[in-house]
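K.L.:
Would you be able to build a 3D model of this:
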Amino acid sequence: MFLQLFLFATPAYLAFVRSQRYRRLNALIEEYGKKVETEDLDPVSAQKIVQASQLYEQPFMMVISEIIALFKVYGIVRQLPLHFLS
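P.N.:
Numbering: from 1, shown residues only. As a prediction, this is how the structure comes out:
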């Protein structure tokens, strides 16, 4: 039973992954391709392209960088000058 399920599910999963692999990349090219070719790309669109590509190509690095940034902002207590406390 398990072997039959495995033999059916594995090729189906691989076919699905292959069909969905470049879906987001093609959507980005379709949305911003003309702007890039004509060099009419504004900073907001460029940031959206970079963010989307980084999110799907390196998701672990995006999560770690968010954690580090939030720790730097909220996790490190700054020392107050002594004259302020008295």
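
K.L.:
which residues of the protein score low on pLDDT?
P.N.:
76-86 (pLDDT under 70).

K.L.:
and the longest helix for it?
P.N.:
helix 2-20 (DSSP state H).

K.L.:
Just checking, which helix or strand succeeds that one along the chain?
P.N.:
helix 23-37 (DSSP states H and E).

K.L.:
Counting by contacts, list what that following helix packs against.
P.N.:
Applying 3 or more Cβ pairs under 8 Å, 6 or more residues apart in numbering; DSSP states H and E, one finds that helix 23-37 contacts helix 43-57. Every residue, glycine included, has its C-beta placed from N, CA and C.

K.L.:
List the buried residues of the helix it packs on.
P.N.:
49, 52 (16 or more other Cβ atoms under 10 Å).

K.L.:
what sits up against stretch 41-55?
P.N.:
The contact list for stretch 41-55 (Cβ atoms under 8 Å, 6 or more residues apart in numbering) reads 24, 25, 28, 32, 35, 61, 62.

K.L.:
how close does the residue nearest in space to the middle of the chain get to residue 15?
P.N.:
Taking Cα atoms, centre = their mean, the centroid of the chain lies closest to residue 55, which sits 0.9 Å from it. Per Cβ to Cβ, to the nearest Å, residue 55 is found 25 Å from residue 15.

K.L.:
One more: residue 4?
P.N.:
From residue 4 to residue 15 the distance is 18 Å (Cβ to Cβ).

K.L.:
Over to residue 72?
P.N.:
44 Å.

K.L.:
Dihedrals phi and psi, residue 39?
P.N.:
With angles defined as degrees, to the nearest 10, residue 39 sits at phi 60, psi 40.

K.L.:
what residues are up against it?
P.N.:
Counting by Cβ under 8 Å, 6+ apart, residue 39 touches no other residue.

K.L.:
Roughly how far does the nearest residue to residue 24 once chain neighbours are set aside sit from residue 71?
P.N.:
Leaving out its chain neighbours, the residue that sits closest to residue 24 by Cβ to Cβ, 6 or more residues apart in numbering is residue 56, at 5.8 Å. According to Cβ to Cβ, residue 56 and residue 71 sit 25 Å apart.
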